[in-house]
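Q: Sharing a sequence plus its predicted fold:
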Amino acid sequence: MQAKDCRGIFTATLTPLTDDERLNVGDYEKLVNRVLDEGQSGIYVAGTTGEGYALDDSVRVDIYKQSAKAVLSRRKKAFVIGHVGGVPTKRALALARAAAEAGCHALSAIPPAGGKYNYDEITAYYAAIADATSLPLIVYYIPAFSGYDFTRAQLSRWMEMPKVVGMKFTSFDVFRFERLITLHPDRAFFSGYDEALLSGLVSGARAAIGSTYNIMGKVALKVYAAVQRGDIATALKAQSALNAFIEDMVSPGINWPRVCKAFAAEILGWKSPMTPAPGAVPAKDAAKCMRASYEAAMALVDTLE
């Protein structure tokens, strides 16, 4: 996977689980087929949206394998980005090798959490992951979740690492984002916040990775297509519909990936929105607030070019 391949919409996949917290392969296939049938460019797996931080590593490896299998079975080319972040570093390296062996096309990792590591330590962590396999690496900037807020110069140095193909930029700092894109036109930048999809694309992002795209992929694709042809008015209509859904998703005030999973379970016919313990499965009606904005967005999509 090269920088030129990093275009379009990528779903950060949810992880359907069985009662004993293993991957529900059948339900996962339904999800992957849905997002790829929509025309999305690929999937980002075992990340925050997929609750990778709470999954047994054997489940994460199973996700890599099933993701690659699902993508390879299709005629149209699509890509699998395997999130392999974890501590200690040797854990991330083992996951990186497993992702490569499974057939993923690129690796990604959130900065290591919990240890208050300094910039040099995190740089060494990324360098070790990059050296572990022949796959390219997409570094991940998400200060609100990771707790690390790096300067533009620090982020820029990561872009100069030989095997780094790009960055997932999950921040509302569009000034910093645009400057990085301008400084590194040969690298691929992914817009990370779904609610900032339009602003990220207008700032020069080649692609986007998002959580709501599990369900709202058609809407995100409309935003992307409209921006590519310079139709910002249409892109804004689609973004507004996406934002309304996001607003409803966070309104219950509980862990949003779980609420998103509960709604996806309803839409996709999953057996259960199981979540890894100690996370609690949302109440059956927790996602009902999302139904109206979802249906409105789907109706709007049909009217947009």
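A: Received the coordinates, thanks. Numbering: from 1, shown residues only.
Q: in stretch 247-259, what's buried?
A: By 16 or more other C-beta atoms under 10 Å, the buried positions in stretch 247-259 come out as 248-249, 252, 256-259. (C-beta placed from N, C-alpha, C; glycine too.)
Q: wait, stretch 124-143
A: For stretch 124-143, the neighbour count (16+ other C-beta under 10 Å) marks 125-127, 129-130, 132-133, 135-142 as buried.
Q: which among these gets closest to S67?
A: Among these, L135 lies closest to S67 (C-beta to C-beta), at 13.8 Å.
Q: Output the below-cut-off pLDDT ranges for the stretch 1-150 of the chain.
A: 75 (pLDDT under 70).
Q: residue ranges of the helices in the stretch 51-200 of the chain, please?
A: Here the stretch 51-200 of the chain has its helices, by DSSP state H, counting those that start in this stretch, at 57-72, 89-102, 119-132, 143-146, 152-159, 174-183, 197-202.
Q: And the fourth one, how far out from the chain middle?
A: Okay, so that is helix 143-146. Here the centre of helix 143-146 is set off from its chain's centre by 15 Å, with C-alpha atoms, centre = their mean, to the nearest Å.
Q: Also stretch 287-298?
A: Chain-centre distance of stretch 287-298: 21 Å, with C-alpha atoms, centre = their mean.
Q: Alpha carbons of it, as CSV, please.
A: Only the C-alpha atoms of stretch 287-298 are listed here, as CSV (Å, rounded to 0.1, in the frame of the first residue of the first chain):
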residue,chain,number,x,y,z
ALA,A,287,-29.5,3.7,20.3
LYS,A,288,-33.1,4.6,19.5
CYS,A,289,-32.3,8.3,19.5
MET,A,290,-30.2,7.7,16.3
ARG,A,291,-32.9,6.2,14.2
ALA,A,292,-34.5,9.5,13.0
SER,A,293,-31.2,11.1,12.0
TYR,A,294,-30.1,7.9,10.3
GLU,A,295,-33.3,7.6,8.2
ALA,A,296,-33.1,11.3,7.4
ALA,A,297,-29.5,11.0,6.2
MET,A,298,-30.4,7.9,4.1
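Q: quick check: mean pLDDT across that stretch?
A: For stretch 287-298, mean pLDDT is 91.
Q: let's number from 548 now, not from 1
A: Done: numbering now begins at 548, and the last item shifts to stretch 834-845.
Q: Any buried residues in that stretch, and which?
A: 834, 836-837, 840-841, 844.
Q: Likewise for stretch 780-795?
A: 781-782, 784-786, 788-793, 795.
Q: try stretch 634-649
A: 636, 639-640, 642-647, 649.
Q: from the buried residues of stretch 794-806, which has minimum pLDDT?
A: The member of the buried residues of stretch 794-806 with the lowest pLDDT is P799, at 71.
Q: Can you tell me the element it falls in?
A: P799 is part of no helix or strand, with elements assigned from DSSP states H and E.
Q: likewise the one 5 residues further on?
A: Using DSSP H and E, P804 maps to helix 803-815.
Q: in the stretch 748-852 of the chain, which spans are helices?
A: With DSSP H, counting those that start in this stretch as the criterion, the stretch 748-852 of the chain has helices at 760-775, 779-797, 803-815, 838-848.
Q: To D609, which of these lies closest?
A: Distance to D609, taken as C-beta to C-beta, is lowest for helix 803-815 among the helices of the stretch 748-852 of the chain, at 17.4 Å.
Q: ok so, going back, lowest average pLDDT across the helices of the stretch 748-852 of the chain?
A: helix 803-815 (a mean of 88).
Q: C651 contacts L619, doesn't it?
A: No: between C651 and L619 there is no contact under C-beta atoms under 8 Å: 10.9 Å.
Q: Of those two, which one has the most company?
A: Using other C-beta atoms under 10 Å as the criterion, C651 and L619 rank with C651 on top: 29 against 11.
Q: for the closest residue to the more buried one other than its chain neighbours, what are its contacts?
A: Take C651 and drop its neighbours on the chain: the residue closest to it by C-beta to C-beta, 6 or more residues apart in numbering is G629, 3.8 Å away. With contact set as C-beta atoms under 8 Å, 6 or more residues apart in numbering, G629 has these partners: 592-593, 611, 614, 642-643, 646, 649, 651, 653-655.
Q: From those, pick the one nearest A550.
A: A653 (10.3 Å).
Q: Tell me the spacing between that closest one and C836.
A: A653 sits 35 Å away from C836, taking C-beta to C-beta, to the nearest Å as the criterion.
Q: backbone phi and psi for T717, please?
A: Backbone geometry at T717, expressed as degrees, to the nearest 10, gives phi -110, psi 80.
Q: separation between it and G586?
A: 23 Å.
Q: These two: which has the busier surroundings?
A: Higher neighbour count among T717 and G586: T717, with 23 against 15, using other C-beta under 10 Å.
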